[in-house]
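Engineer: have a look; sequence and predicted model below, questions after that.
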Amino acid sequence: MGQGGKPRRAQAYDGELGAAVTRAQEGDEDAFAVAYRIVQPGLLGYLRGIVGDDAEDVASDAWLEIARDLGRFRGDGAGFRGWTATIARHRALDHLRRLRVRPRSAGLDQDVVLDLAGPSSTHDEALESLSTERALELVRGLPRDQAEAVLLRVVVGLDGPAAARVLGKRPGAVRTAAHRGLKRLARRLDAAGAGEGVTDGAPRTLGEST
């Protein structure tokens, strides 16, 4: 994690993202493509945690709205991440209402690498050693509030206040959920190292952990 608990990977790209968004608002289509390439992997990973295999369709709907309303956006690269995540979450919830099902996960995007590096806490350090596949398996086993908090903080790259705005919760509640989620992930990693295993059966969907 970087300063303030924000992943360093997101920080590294936010300057480029902010510049691309500014140019895109001036009509530069190539700049919009740059912004898309920076934001889409994390956004798609987050959506897979909510709507499963329908993530790409929901992401496409979200990007249509993002492109349509781009001129209304005001903010920097980090702000753009939060704005796009909010739009994507609304489209995901609309999709779930149409299907009349609760949020589910059919496996998060295997191309998304969880950047948990940094000396901020013991559980963060423990998770550095996880492969992407194992990390995603563990995230899928978290309660929904913890899973969404971890996904927004780590996969999308939002800081605590931005993640709270996306979820419509207090920053403290989101920080607590993310902290508990990471601690639970670390405990499961420790259990796996002790030979107890990460899961006790078929992969759980988001929010179905015990």
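Structural biologist: Done, it's in.
Engineer: for Tyr13, what are its contacts?
Structural biologist: 38, 77 (C-beta atoms under 8 Å, 6 or more residues apart in numbering). All C-beta atoms are positioned from the backbone trio N, CA, C, and that covers glycine.
Engineer: again, only this time at 6 Å
Structural biologist: Tyr13 makes contacts with Ile38, as judged by C-beta atoms under 6 Å, 6 or more residues apart in numbering.
Engineer: any idea how far it is from Pro143?
Structural biologist: 30 Å (C-beta to C-beta, to the nearest Å).
Engineer: output the lowest mean pLDDT helix or strand found in this structure.
Structural biologist: Ranking every helix and strand in the chain by mean pLDDT, DSSP states H and E puts helix 122-127 at the bottom, with a mean of 45.
Engineer: remind me which helix or strand the nearest residue to Gln146 once chain neighbours are set aside belongs to.
Structural biologist: In this structure, Gln146 finds its nearest non-sequential neighbour in Gly181, 3.3 Å apart by C-beta to C-beta, 6 or more residues apart in numbering. Using DSSP states H and E, Gly181 sits within helix 171-193.
Engineer: is it true that Leu185 touches Leu138?
Structural biologist: Yes - the criterion here is C-beta atoms under 6 Å, and Leu185 meets it with Leu138 at 4.9 Å.
Engineer: list the buried residues of stretch 171-185.
Structural biologist: By neighbour count on 16 or more other C-beta atoms under 10 Å, the buried set for stretch 171-185 is 174-182, 184-185.
Engineer: flag the least confident of these.
Structural biologist: Least confident by pLDDT among the buried residues of stretch 171-185: that is Leu185, with 81.
Engineer: from Ala88, how far off is that residue?
Structural biologist: 23 Å.
Engineer: ok, now which ones touch Ala164?
Structural biologist: 171, 174.
Engineer: what mean pLDDT does stretch 142-162 get?
Structural biologist: Mean predicted confidence for stretch 142-162 is 88.
Engineer: buried residues, that stretch. List them.
Structural biologist: 142-160, 162.
Engineer: distance of Ala85 relative to Gly141?
Structural biologist: Taking C-beta to C-beta, one finds Ala85 at 22 Å from Gly141.
Engineer: looking at the two, which is more packed in?
Structural biologist: Ala85 (27 against 23; other C-beta atoms under 10 Å).
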